[in-house]
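Student: Okay, sequence plus prediction incoming.
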Amino acid sequence: MADPPMYHARNRELQDEFDTRRLADRLVEKLFRTRFTDEDRAFIEQRSLFFLATADADGFPDCSYKGGAPGFVRLVDDETLAFPSFDGNGMFKSLGNVRANPKVGILFIDFEKPRRLRVNGTAVVSTDDPLMPLVPGAQAIVRVRAHHIFPNCPRYIHKMQIVEASPYVPEAGVVPPVPVWKTFDIFKDYLPKGDPARPKDE
């Protein structure tokens, strides 16, 4: 299957309205790619967070924050990245959307040295991926084949600093704390079997 074009008719309509078609085409000519570079790999594998856009079968969108230790997203080859799905709220909005509609958008941002990279592609969710044993805490692995890889101007990124890593990020040999919300009376009796926060007498 051929990679989808970067622009569609409505993109072009607005580019013509604002006289940016030439610029848009030049950006694709100089920056757009379908395979990751060594620089992309280094940037992605140093990130501790990204934003994931998905849509359901009807095209209704959802956007999710994904966080982990640097390296939790890895490139498995020059056109595919993979990341784990850790324990969440059990809604499986993002992963459920991927199984209904594999088209995804990913935004990587460095807030300390402002820079961003966008990756659009098609995703697959697996609970028996070969990477599973290599990623502590992974409930599933998502692999994304890139169709569009392109950097964006960082001028509107607010410069921020990471003060502290989340203590909930899975780490080999470390039992993460129980999320406080799972101990609330309105939720604790509804937790899945085996959840560390589930009442002990069950």
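Tutor: All right, it came through fine. Every value quoted in this text rests on a predicted model; they were computed, and no experiment measured them.
Student: what helix or strand is the residue nearest to Arg115 when sequence neighbours are not counted on?
Tutor: Spatial nearest neighbour of Arg115, excluding adjacent residues (Cβ to Cβ, 6 or more residues apart in numbering): Pro154 at 5.1 Å. For the C-beta atoms, the positions are set from N, CA and C on the backbone; glycine is no exception. Counting by DSSP states H and E, no helix or strand carries Pro154.
Student: Please name the residues that touch the residue positioned nearest the centre of the chain.
Tutor: Compute the mean C-alpha point of the chain, and by Cα atoms, centre = their mean the closest residue is Leu52, 3.9 Å away. Taking Cβ atoms under 8 Å, 6 or more residues apart in numbering as the contact definition, Leu52 lies against Cys63, Ser64, Tyr65, Lys66, Ser94, Val104, Gly105, Ile106.
Student: secondary structure class for it?
Tutor: Classification of Leu52 by DSSP: H, G, I helix; E, B strand; the rest coil places it in strand.
Student: who does it bridge with?
Tutor: In this entry, Leu52 is beta-bridged to Ser64, Ile106, by DSSP bridges.
Student: ok so, going back, I figured the residue nearest to Arg115 was touching Leu117, is that so?
Tutor: No - between Pro154 and Leu117 there is no contact under Cβ atoms under 8 Å: 10.1 Å.
Student: Asp128 and Ile141: what is the separation?
Tutor: Asp128 is 9 Å from Ile141, where distance means Cβ to Cβ, to the nearest Å.
Student: right, I mislabeled it, should have said Asp58
Tutor: For Asp58 relative to Ile141 (Cβ to Cβ), the value is 26 Å.
Student: Likewise for Arg74?
Tutor: 10 Å.
Student: Now do the shared contacts for these two.
Tutor: Ala82, Phe83, Leu131.
Student: need those residues in JSON lines with pLDDT and neighbour count, can you?
Tutor: Formatted as JSON lines, the shared contacts of Arg74 and Ile141 follow (pLDDT from 0 to 100; neighbours: other Cβ atoms under 10 Å):
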{"residue": "Ala82", "pLDDT": "98", "neighbour count": "21"}
{"residue": "Phe83", "pLDDT": "98", "neighbour count": "23"}
{"residue": "Leu131", "pLDDT": "97", "neighbour count": "15"}
